[in-house]
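> What follows is a predicted protein model with its sequence.
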Protein chains: 2
Amino acid sequence: MTNLNKLISAFINVCGEKNVCLHEPSVGNLEEEIVKDCIKSTFVSSVGKYVDRFELEIAGYTGSKYAVAVVNGTAALHISLILAGVKKDSEVLVPGLTFAATANAVCYAGAIPHFVDSEEETFGICPQKLDSYLSDTCDIQNDVCINKKTGRPIIAIIPVHIFGHPCKIDALLEVANKHNLEVVEDAAESLGSFYKGKHTGTFGKLGIISFNGNKIITTGGGGMIITDDKQLAHLAKHLTTTAKVPHRWEYVHDQVGYNYRMPNLNAAFGCAQLKQLPEFLQSKRGLFENYSEQLSGLNGIRLLEEPSECSSNYWLQTIVLDEPDQELRNIILTALNEAGLMSRPAWTGLYKLEHFKECPKMDMKVVNSLEKRIINIPSSSFLCE
Amino acid sequence: MTNLNKLISAFINVCGEKNVCLHEPSVGNLEEEIVKDCIKSTFVSSVGKYVDRFELEIAGYTGSKYAVAVVNGTAALHISLILAGVKKDSEVLVPGLTFAATANAVCYAGAIPHFVDSEEETFGICPQKLDSYLSDTCDIQNDVCINKKTGRPIIAIIPVHIFGHPCKIDALLEVANKHNLEVVEDAAESLGSFYKGKHTGTFGKLGIISFNGNKIITTGGGGMIITDDKQLAHLAKHLTTTAKVPHRWEYVHDQVGYNYRMPNLNAAFGCAQLKQLPEFLQSKRGLFENYSEQLSGLNGIRLLEEPSECSSNYWLQTIVLDEPDQELRNIILTALNEAGLMSRPAWTGLYKLEHFKECPKMDMKVVNSLEKRIINIPSSSFLCE
C-alpha cells in the first residue's frame, strides 16, 4: 500500500484545503425563481403544474413512457413492488450491498428480502452466480419460482445501480426471465446513468429514482416511479394518492391506499435541478478525472470507473482497496475525515443486520470482501469547478 | 326545509360571486423570504435548521414537550401506532367517520381497524356508546383488552377531532383507561383547537398533526408527531430516519426503519405559515360568524359550532341537515358546486368501503345518519377578508 500522506495529499489536491461533505446539492438562482413562482401560485401541495411538468420531464429524460412523482425513493420502491405482484410472505431478491431502503421496502410490502451476492466490477448483483444459485435452490411450479428451502414464492428481483454505476442489467434480465422473476429496478442513485445508451431504471417492469438531498439532483425529498406500462402508471398514481375513486364530491377509496404524493413545492425545485443535470453530469465526470489523475501513481487502490458500454453519472466517487490492504480502510477513513474530507465506507452488508439475519441468502463472498474495501470520497459536483 | 335559492344567496353573501375552493392555503411574502433563505443555505433536504425550528415551535405552540417532523400526517400516525404498541393482527378502534388515512395507517402497522360510532354534537367518537360496547364485547385478559368475537387484542384507540372540532376527549380517555387502551390522538385537522384550554393532540400517549395543502397551515406536505414522552420522541425520530444507529461513518440500522423525514425546504415553509396561524384562526372564526349570520333565518340546517369549553380552529366550515331533510344533500351540493362554491359531503363511512367491510364494527347508527347530512362549505381563511 502506498504512503498514507501521499494519498491524503492527492485528495486535498482535488478537493482543496477546506472541509467538504460527501455530497452536497448545487443550488442557485434557478431554484429560487421557480420556487417563488410556485409559492405565488399558492399551489404548493399535492396538485399543481410542477408535479405534472416534473413527471413529463423525467419521463422525457429517461426515455420512459410514464413517470409518477412520489414522496421519496423508498415509497417509489414500495409501490413498485406491490404493482409487480409482491405479496405478503413472498420473497424478493435484494443485493446484500445496497442502502437499507431497498430491503425495507420489501418488508413494507409484507415480503421477505432474500439476499444475493454482487460482482467486483460494478458492485451490482452477479448474474452468473445468481443463475447458478437459483437453478440449485429453486423450482418453477405453475410458472412461479419457488424457494425449495422455505417453500415461499420468489416474485421479484431488485437490481440496484450502486453509486450510480449501471449493473449488468442485460444479463440480469435474462436470469430473471429464465426463473420467472419480475424486475423492479432500483435506479435511486443513477439518474443520468445509461447502459448501452438506455437509461437505467427503464429495463425492468418498473424502475425508481430518488431525489433525496444527497442525490445528483434533489427535490428536498422525493422519488419517481418510471414504467412503460400505461396501466401500471395509472395504478401507481392511484395507489400513491390514497386510492380515491374519481368522483365530483364523494369520498370513496377502492383499497388501502398511500399518502405518497410529491408536493408541488418540491416538484418545482426538482424542475430547476433537472435543467442543470447535464452540467452536474459533466462536473462529476470532471471530478472523476481529477481523482483519476491524482491517484494514478498510487498502488493498492482502484478508483471506480464506469463499466464498459456504460455512461455513469459518477454520483458517489469511490475507491476500492486491494484485498491485502483492506485493514487500512479505517485508517484511511480516519485520516480523510480528520483532514475535513468527509468519507464513508460502504453500507454494512444488509444480511448482517440483526433484523435481517434470519432472511434467506446465498453465499456472500464478494459483498463480504467489498464492504471491507470500499470508501466513498467527496463527490459534490461543484468540487470540479 | 328552507328555500334553496335563499340558501345559495346566503353562501354567495359570505363568499362573493366568484369561484372558490373548499380550502386554499393563504401564502405570501413571508413564505417566499424564508424559503429563499433555506435555498440559499443549500440545506433543503432531511437535515437543517428549519426542521429543528419547526419542531420546537410546534411543541411550544401545542404545549407538547416533544415534536418530531415527518413527511405527512399519515406517516405520523403509522409511526405513532407502532410506538403505542400496535402489532400485526391486533385491532385498533377507529371512528367510522374520518378520512381514510386514519384506518390506512392501522393497516400499515399490520393491524385491523375496528370501527366505532360517533356522537352528533362534535362528530367525534361517542364515549358512552363506546364504553357500553367494549363492556359487552371485550374482556381484559392479562391487562390486555381482548375482542371476544375475534379473539384479537385491541391495543389502541384513535380519537379524531373532526373538521377541527375537539371531540369529547376527557371522557374518551376515561373509557380508554378503563379498558386498557392506548390513546393515539389524530389531531390532523385541529392545529389551533383547544379542549378546556389544552391543545388537541396532547391528551393521548402520542398525537399527530397534518400540514397537507388543505389544512389550516401547510408545509406542502408534512406532519408532526407530538408527545410528552422523551423516550417515545427519540424512538419516533429514530424510526422515521431509517433507524440508523449513530456512528461516525458506519451504516448500521437496528430495525426496519422508515424514510419519513420532513425536508428542510418544507419545514421552512411551515415556519412562515405557523407565524400567521393566529391570524388564520381569527379569520376562520370570523368566517364562521359570517356564515352564522347569513344562515340564521334558515330552518332545517345547523352550522357546526365549537363544542362548549372548547376553542375550535374552524378548519372546515360545516352544515348539517336535519334528518327529515337529508335527501336534499345532493341537491344542495349540486347547487353550491354549480354556483362555483366548492362543497363536499362527509367521507363515506369507512366500514362501507369494500376493503374494510370485513373489519369488526359496532352499530353505526349515528355515522350512518351523519354521512347523509353533512356538507363542508368553502372555508379558506381569506374568505373573511
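Noted; the coordinates are in hand.

> switch to C-alpha atoms for all contacts and neighbour counts from now on
Will do.

> Identify each of the helices in the stretch 101-250 of chain A and give its residue range.
Per DSSP state H, counting those that start in this stretch, the stretch 101-250 of chain A carries helices over the ranges A:127-137, A:169-178, A:230-240.

> Could you export the ones you listed as CSV, including mean neighbour count and mean pLDDT?
Written out in CSV, the entries for the helices of the stretch 101-250 of chain A read as follows (neighbours: other C-alpha atoms under 10 Å in any protein chain shown; pLDDT from 0 to 100):
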stretch, mean neighbour count, mean pLDDT
helix A:127-137, 16, 98
helix A:169-178, 17, 98
helix A:230-240, 18, 98
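
> Let me know which of those helices is the nearest to chain B.
Smallest distance to chain B across these (C-alpha to the nearest C-alpha): 11.8 Å, for helix A:230-240.

> rewinding a little: residue B:5 is nearest to which of the helices of the stretch 101-250 of chain A?
Go through the helices of the stretch 101-250 of chain A one by one with C-alpha to C-alpha and the one that ends up closest to residue B:5 is helix A:230-240, at 37.5 Å.

> In CSV: the helices of the stretch 101-250 of chain A, plus distance to chain B.
Converted to CSV, the helices of the stretch 101-250 of chain A look like this (distance: least, C-alpha to the nearest C-alpha, whole Å):
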stretch, distance to chain B
helix A:127-137, 25
helix A:169-178, 26
helix A:230-240, 12
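
> need the residues of the stretch 101-250 of chain A near chain B, please.
Counting by C-alpha under 8 Å from any C-alpha of the partner chain, the stretch 101-250 of chain A comes close to chain B at A:101, A:104, A:107-108, A:212-213, A:218-221, A:242, A:249-250.

> Just the buried subset of those, please.
Burial of those was assessed by neighbour count (16 or more other C-alpha atoms under 10 Å in any protein chain shown); the buried members are A:101, A:104, A:107, A:108, A:212, A:213, A:218, A:219, A:220, A:221, A:242, A:249.

> Looking at these, which is nearest residue A:151?
The closest of these, once distances to residue A:151 are taken by C-alpha to C-alpha, is residue A:107, at 18.0 Å.

> who's in contact with the closest one?
For residue A:107, the contacting residues are A:113, B:256, by C-alpha atoms under 8 Å, 6 or more residues apart in numbering or on different chains.

> ok, so what distance separates it from residue B:141?
In this structure, residue A:107 lies at 31 Å from residue B:141, with C-alpha to C-alpha, to the nearest Å as the measure.

> ditto for residue A:93
In this view, residue A:93 and residue B:141 are 41 Å apart by C-alpha to C-alpha.

> Compare those two (neighbour count), which wins?
For the pair residue A:93 and residue B:141, the greater number of neighbours falls to residue A:93 (24 against 9), based on other C-alpha atoms under 10 Å in any protein chain shown.

> ok, that one to chain B distance?
Separation of residue A:93 from chain B (C-alpha to the nearest C-alpha, to the nearest Å): 17 Å.

> ok, that residue - contacts?
The neighbourhood of residue A:93, defined by C-alpha under 8 Å, 6+ apart, consists of A:113, A:114, A:115, A:116, A:154, A:156, A:157, A:158.

> And the strand or helix carrying residue A:285, what does it pack against?
The secondary structure element spanning residue A:285 is helix A:277-295 (assigned by DSSP states H and E). Using 3 or more C-alpha pairs under 8 Å, 6 or more residues apart in numbering or on different chains; DSSP states H and E as the contact test, the elements touching helix A:277-295 are helix A:4-15, strand A:301-303.

> Out of the ones you listed, flag the one nearest residue B:80.
The closest of the helices and strands packed on helix A:277-295 to residue B:80 is helix A:4-15. By C-alpha to C-alpha, the value is 43.1 Å.

> can you list contacts of that closest one?
Residues outside helix A:4-15 that contact it (C-alpha under 8 Å, 6+ apart): A:287, A:290-291, A:294-295, A:298, A:332, A:335-336, A:339, A:341, A:378, A:383-384.
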